[in-house]
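1. Build me a model:
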Amino acid sequence: MQPSAPLRRAATLAATALAVVTAVALTPHSTDASAAQPAKGMTPAAAGQLAKSLTPQLHGEQAGSYYDRATKKLVVNVTTPEAAAKVRKAGAAPRKVRYADKTLAATVATLNAGKPIPGTAWVQDIRANKVMVTADRTVTGKKQDQLNTMLKPLGDKVRLERTDSELKMFISGGERIVGYNTNAYCTLGFSVKRSGKPDAFLTAGHCGDADKVWRTPGNARSEGKEIGVVPAGGVSFPDNDYAIAEYGINDVPPPHPSEVNLYDGDTQEITAARDAVLNEAVTSSGATTGRHDGTVTGLNATLTVEGGQVTGLIQTDLCSDAGDSGGPLFSGTDALGLLSGGTGDCKGGPATTYFQPVVEALTAFGATVG
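-> Presented below is the predicted three-dimensional model:
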């Protein structure tokens with residue numbers, strides 16, 4: 001018995017590119033700024049290339065950058081007139097702000113080094129030029145006192161927001177891949193290849209941490225087909241949130257290597273992998289909630305839940321729910337990330353979700369998509 005067609009479509013592929021875990025680096029491949037600006041405006045990938053080439057030239061006098069979808073240009077936060085001039089010369093738009101990236105990065109580092117408080121998240125907000133801290137409805141009493149003590153010395157470099165939802169990992173309630181021993185539900189992310197090793201798939205680290213054997217859906221173990229085993233060293237969680245599971249069990253072939261299931265009868269071809277660019281349009285695909293379109297709202301985000309703290313995440317305004325964990329984040333034909341967790345469901349309310357950058361996982365496992 002082979003995996004179902006939906007399972008084959010749910011896997012996606014993407015070729016290795018570069019990793020970004022800072023809000024400033026926003027990069028894909030080339031560092032040639034002159035090649036990054038097409039006549040009709042930049043693509044998000046080209047904006048990332050330009051941001052990468054500009055960063056070392058600004059000598060710390062910048063505070064992140066983002067893609068302006070209306071003008072199709074890269075907007076770069078700067079702290080000096082000299083940096084603004086360099087940004088204009090390179091074909092991007094400068095934006096004057098108060099705090100340099102090194103100041104806000106130090107603020108994030110201070111928060112990350114503190115005692116973890118489950119139910120909190122933070123990210124460098126490029127547009128606000130602050131670190132945005134989110135506390136969910138469980139942060140009350142002693143936890144709230146602990147958070148206040150942590151934030152007070154940071155002054156106006158941070159801003160606290162509350163959410164009525166609960167920050168969590170989306171590990172249960174899906175229907176695509178099922179933990180053989182735990183019946184935990186997750187979503188298959190990207191199929192990968194490794195030299196001299198079995199083909200495999202990526203999913204969320206907290207999924208691989210929960211169960212080492214994964215099967216196709218079914219109401220009982222006997223109804224599902226075992227499809228992948230997490231090898232020794234195949235999980236990175238917490239700190240990161242990615243895992244790898246090897247195909248080859250019961251001669252089950254890997255799913256189609258270059259498609260994402262859009263859950264509308266169609267698929268999206270994936271041809272490459274890169275890092276997300278702030279404010280670019282993105283799409284997610286999950287076994288529980290299907291396909292959703294949204295925007296990258298932050299980079300280098302930190303998420304803390306009862307299971308642990310994860311850093312270096314992509315923040316989005318996409319909705320997700322239990323069972324979507326490990327599902328793919330992509331933009332057009334480019335693979336970007338694996339769903340980790342967040343708040344909100346897909347019933348129309350506000351949502352914030354966090355994704356593990358996929359290039360980091362590919363690099364860690366010596367893997368490529370394709």
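2. What segments of this protein are helices?
-> Counting by DSSP state H, one finds helices in the chain at the ranges 5-10, 44-54, 81-89, 101-113, 141-151, 205-210, 358-365.
3. From the contact counts, what lies against the second one?
-> So the one you mean is helix 44-54. Judged by 3 or more C-beta pairs under 8 Å, 6 or more residues apart in numbering; DSSP states H and E, the packing partners of helix 44-54 are strand 62-68, strand 73-78. All C-beta atoms are positioned from the backbone trio N, CA, C, and that covers glycine.
4. on that earlier part again, compare the helices of the chain and give me the one nearest residue 126.
-> Smallest distance to residue 126 across those (C-beta to C-beta): 9.0 Å, for helix 101-113.
5. could you say what helices and strands that closest one packs with?
-> Looks like helix 101-113 contacts strand 62-68, strand 120-125, strand 130-135, strand 290-305 (3+ C-beta pairs under 8 Å, 6+ apart).
6. okay, those in a markdown table with mean neighbour count and mean pLDDT next?
-> Conversion of the helices and strands packed on helix 101-113 to a markdown table gives the following (neighbours: other C-beta atoms under 10 Å; pLDDT from 0 to 100):
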| stretch | mean neighbour count | mean pLDDT |
| --- | --- | --- |
| strand 62-68 | 26 | 96 |
| strand 120-125 | 25 | 97 |
| strand 130-135 | 22 | 97 |
| strand 290-305 | 21 | 96 |
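7. Can you redo the ones you listed as JSON lines, where the extra columns are distance to residue 351?
-> Formatted as JSON lines, the helices and strands packed on helix 101-113 follow (distance: least, C-beta to C-beta, whole Å):
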{"stretch": "strand 62-68", "distance to residue 351": "20"}
{"stretch": "strand 120-125", "distance to residue 351": "13"}
{"stretch": "strand 130-135", "distance to residue 351": "12"}
{"stretch": "strand 290-305", "distance to residue 351": "8"}
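8. low-scoring pLDDT stretches of the stretch 251-370 of the chain, where are they?
-> Along the stretch 251-370 of the chain, segments meeting pLDDT under 70 span 251-258, 370.
9. just the stretch 51-200 of the chain next, same as before
-> 170-175.
10. Residue 153: how many residues sit nearby?
-> Counted by other C-beta atoms under 10 Å, the residues lying close to residue 153 total 9.
11. One more: the one 4 residues further on?
-> If you count neighbours by other C-beta under 10 Å, residue 157 ends up with 19.
12. ok so, going back, nearest to residue 141, out of the helices and strands packed on helix 101-113?
-> strand 130-135 (12.1 Å).
13. got the angle between that closest one and helix 141-151?
-> Here strand 130-135 runs at 170 degrees with respect to helix 141-151, directions being taken by axes from the mean of the first three to the mean of the last three C-alpha atoms, to 10 degrees.
14. chain center to strand 130-135: distance?
-> Computed by C-alpha atoms, centre = their mean, to the nearest Å, the chain-centroid distance of strand 130-135 equals 18 Å.
15. Dump it to PDB, keeping only the CA atoms.
-> Once non-C-alpha atoms are left out, strand 130-135 reads as follows in PDB (Å, rounded to 0.1, in the frame of the first residue of the first chain):
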ATOM      1  CA  LYS A 130      11.500  48.400  18.600                       C
ATOM      2  CA  VAL A 131      11.400  44.800  19.900                       C
ATOM      3  CA  MET A 132       7.800  43.700  20.000                       C
ATOM      4  CA  VAL A 133       7.000  41.400  23.000                       C
ATOM      5  CA  THR A 134       3.800  39.400  23.000                       C
ATOM      6  CA  ALA A 135       2.300  37.800  26.100                       C
END
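16. What strands line up against that strand, and which way round?
-> On the basis of DSSP bridges, the sheet neighbours of strand 130-135 come out as strand 120-125 (antiparallel), strand 158-162 (parallel).
17. you'd agree residue 189 is up against residue 207?
-> No: no contact is recorded between residue 189 and residue 207 when judged using C-beta atoms under 8 Å, the distance being 9.4 Å.
18. Select, out of the helices of the chain, the one closest to residue 161.
-> helix 141-151 (11.7 Å).
19. thinking again about what came up before, pipe the helices of the chain into CSV and attach distance to residue 182 and mean neighbour count per row.
-> As requested, the helices of the chain are arranged in CSV below (distance: least, C-beta to C-beta, whole Å; neighbours: other C-beta atoms under 10 Å):
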stretch, distance to residue 182, mean neighbour count
helix 5-10, 19, 19
helix 44-54, 38, 26
helix 81-89, 50, 16
helix 101-113, 29, 17
helix 141-151, 28, 14
helix 205-210, 6, 27
helix 358-365, 22, 22
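20. could those helices go into CSV alongside distance to residue 332?
-> As requested, the helices of the chain are exported to CSV (distance: least, C-beta to C-beta, whole Å):
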stretch, distance to residue 332
helix 5-10, 17
helix 44-54, 9
helix 81-89, 26
helix 101-113, 28
helix 141-151, 38
helix 205-210, 26
helix 358-365, 15
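21. Residue 325 is nearest to which of the ones you listed?
-> Among the helices of the chain, helix 205-210 sits nearest to residue 325 (C-beta to C-beta), with 5.5 Å.
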